[in-house]
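Visitor: Need a 3D model of the sequence below.
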Amino acid sequence: MIQPGSCTDALSHESDRLASHGAILTNSRWMTALGILGFTTIVVSLVCLHFGAQPIAYSEILRVLFDAVSHKDGTDETSDIARTILLQVRLPRILLGFLVGCSLASVGVALQALLRNPLADPYVLGVSSGAALGAAVGVLFGAGTTFLADTALPACGFAGGLLALVVIYRMAATYGQLPIHSLLLTGVILNAIFSALIMFITSILEPNRSYGMMAWLMGTLTAPTYSSLVGLVIYLVIGLCLLFSQMRVLNILALGEESARTLGVDTERSKRFLFVLTALVTGAVVSVSGMIGFIGMVVPHAVRLVLGADHRLLLPASALVGGTFLMSADTVARTLIAPTEIPVGIITALAGGPFFVYLLLWRKDRLA
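Guide: From the prediction side, this is the model:
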């Protein structure tokens, strides 16, 4: 949060700082970059709708989507099977993948600026492990076998994330302040504890439930229903809008706390707000998709290398790239060895690992 009267000076200083790195952001550059990324997202989504156990022609995809938007029953040329596959299976899954990818990438950008750590990701603070533990406890007590399974497990996961958020905040806060090193240390400790409890619960589950739990922990985007998507969409869209409202604050926080305070930013208030916001978004994402790694680390790095460090562009661009990347990864996961489905977290890890090797070698060459 920026104190009144100092906003102009802070942003001016921050703009000069970015300009010194050759990252001047103009309206045309902003619109061009996001326009290209938005168009790419649309094209990739159509490709993802095409691929599956039964490929569907692009012309038929467009017909089905047009009929759905215009509330038509379709024509003789449109197969009922294709319509069912597209609208009831693939489209909800693609929407979920895009939303989860957007959220993970956006939270990754915010945490890397907040913690000033390029390795920070949505899972670094322990909230994700808390959400996973909540889901594991739900499975242990049979939440996944009831007629409310579609909502019970996400509810258990979100409750676990909220509990972890409260514990982390109470442990890390010191005299009304939220030191970054305490936040990171608390997150690491609780991650280890929660992970051990998750493994314990998984080990005592029945084999079929244990396998399902492990698959969920590795990340999955099992076909959701539109009714289950509505609440999640509303929640995450509100969270992302609040996060996007902090783009200028993130620019200044990335300079360091001392510089931010000098420029008039209430750093403690901003840190608390961003911590709670990113934790709630992460908890909601993990509660429905499990642990999908690397998107929150890889995507911000890649976008930053191409488009620069100005969060006014970096944040929305990372959201689009993250959503597009996860849609693509999920399509690979469900089609590579169909009808068997690979957990999407494995695909994102296989894609993210080599990128970090490249990044390490690239930085090594620059320092040489």
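Visitor: what about the stretch 1-150 of the chain, any weak spots by pLDDT?
Guide: 1-24, 73-78, 143-150 (pLDDT under 70).
Visitor: what about the spatially closest residue to residue 205 that is not a sequence neighbour, how many neighbours?
Guide: Distances taken as Cβ to Cβ, 6 or more residues apart in numbering place residue 213 nearest to residue 205, at 6.2 Å, with adjacent residues excluded. From N, CA and C alone the C-beta is placed, and that goes for glycine too. When neighbours are counted by other Cβ atoms under 10 Å, residue 213 registers 22.
Visitor: got the contact list for the residue lying closest to residue 338 once chain neighbours are set aside?
Guide: Once flanking residues are discounted, residue 338 sits nearest to residue 53: 4.7 Å by Cβ to Cβ, 6+ apart. Counting by Cβ atoms under 8 Å, 6 or more residues apart in numbering, residue 53 makes contact with 335, 338, 339.
Visitor: how about CSV for these, with secondary structure and pLDDT added?
Guide: Compiled in CSV, these are given as follows (DSSP: H, G, I helix; E, B strand; the rest coil; pLDDT from 0 to 100):
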residue, secondary structure, pLDDT
335, helix, 91
338, coil, 80
339, coil, 82
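Visitor: can you tell me the helix or strand for the residue nearest to residue 205?
Guide: helix 207-217 (DSSP states H and E).
Visitor: Could you pull out the buried residues of whatever helix or strand comes next after that helix?
Guide: Where DSSP H and E defines the elements, the next helix or strand beyond helix 207-217 is helix 226-244. Buried residues in helix 226-244, counted by 16 or more other Cβ atoms under 10 Å: 229, 232, 235, 236, 239, 240, 243, 244.
Visitor: where's helix 226-244 relative to the chain centroid, distance-wise?
Guide: Distance, stretch centre to chain centre, for helix 226-244: 12 Å (Cα atoms, centre = their mean, to the nearest Å).
Visitor: One more: stretch 233-247?
Guide: With Cα atoms, centre = their mean, you get 12 Å for stretch 233-247.
Visitor: How about stretch 163-177?
Guide: 23 Å.
Visitor: Stretch 192-203 too?
Guide: The answer for stretch 192-203 is 23 Å, by Cα atoms, centre = their mean.
Visitor: Contacts made by that stretch with the rest, please.
Guide: 126, 129-130, 132-133, 136-137, 139-140, 164, 210, 213-214, 217.
Visitor: Drop anything exposed from the residues you listed.
Guide: Using 16+ other Cβ under 10 Å, the buried ones in those are 126, 129, 130, 132, 133, 136, 137, 139, 140, 164, 213, 217.
Visitor: how many degrees apart are the helix or strand containing the third one and helix 207-217 in direction?
Guide: Assigned by DSSP H and E, residue 130 falls within helix 127-140. With axes from the mean of the first three to the mean of the last three Cα atoms, to 10 degrees as the criterion, the two stretches helix 127-140 and helix 207-217 enclose an angle of 160 degrees.
Visitor: and helix 127-140, what does it pack onto?
Guide: helix 149-172, helix 180-204, helix 207-217, helix 267-289 (3 or more Cβ pairs under 8 Å, 6 or more residues apart in numbering; DSSP states H and E).
Visitor: Just the C-alpha atoms of the third one, please, in PDB.
Guide: Read it as helix 207-217. Written as PDB, here are the backbone C-alpha positions of helix 207-217 (Å, rounded to 0.1, in the frame of the first residue of the first chain):
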ATOM      1  CA  PRO A 207      -4.300 -49.500  -1.800                       C
ATOM      2  CA  ASN A 208      -6.900 -48.100  -4.200                       C
ATOM      3  CA  ARG A 209      -7.500 -44.900  -2.200                       C
ATOM      4  CA  SER A 210      -3.700 -44.600  -1.600                       C
ATOM      5  CA  TYR A 211      -3.100 -44.700  -5.300                       C
ATOM      6  CA  GLY A 212      -5.800 -42.100  -5.900                       C
ATOM      7  CA  MET A 213      -4.300 -39.900  -3.200                       C
ATOM      8  CA  MET A 214      -0.800 -40.100  -4.700                       C
ATOM      9  CA  ALA A 215      -2.100 -39.300  -8.200                       C
ATOM     10  CA  TRP A 216      -3.900 -36.200  -6.800                       C
ATOM     11  CA  LEU A 217      -0.700 -35.100  -5.000                       C
END
